[in-house]
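Undergrad: 3D, please:
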Amino acid sequence: MELGIASVAAITVICYLAGMVCKASEKVKDEFIPVVCGVAGGILGVAGMYLMPDFPASDVINAVAIGIVSGLAATGANQVLKQVSKA
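TA: Okay, here's the model as predicted:
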């Protein structure tokens with residue numbers, strides 16, 4: 001059974017980079033970066049459903065949900081890296 005994990009990981013990486021761009025531009029407040037990552041993930045989830053044959057969703061609602069969770073996972077990954085570097 002193929003789960004399409006690589007496509008979900010790709011969305012997370014792209015959203016992480018989008019968050020880094022927002023942070024570097026200093027035009028987006030820090031509290032809005034998770035929103036940007038979530039919205040970008042939702043959009044990429046729908047695109048992935050149509051463009052990737054192994055994407056783990058077959059309808060738009062699930063594709064958006066998978067994308068949003070993947071985008072927010074990028075924010076969580078960023079926080080983990082921050083906390084580990086402090087210790």
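Undergrad: Which elements pack onto the top helix by length along the chain?
TA: If you go by DSSP state H, the chain has its longest helix at helix 60-86. The contact analysis (3 or more Cβ pairs under 8 Å, 6 or more residues apart in numbering; DSSP states H and E) places helix 60-86 against helix 5-25, helix 33-51. For the C-beta atoms, the positions are set from N, CA and C on the backbone; glycine is no exception.
Undergrad: Need the winner for burial among the ones you listed.
TA: Most buried of the helices and strands packed on helix 60-86, by mean neighbour count (mean count of other Cβ atoms under 10 Å): helix 33-51, with a mean of 20.
Undergrad: ok, residues contacting stretch 36-45?
TA: Outside stretch 36-45, the residues that touch it by Cβ atoms under 8 Å, 6 or more residues apart in numbering are 11-12, 14-16, 18-19, 22, 28, 57, 63-72, 74-75.
Undergrad: ditto for stretch 8-17
TA: The contact list for stretch 8-17 (Cβ under 8 Å, 6+ apart) reads 37, 40-41, 44-45, 48, 56, 66-67, 70-71, 73-75, 77-78.
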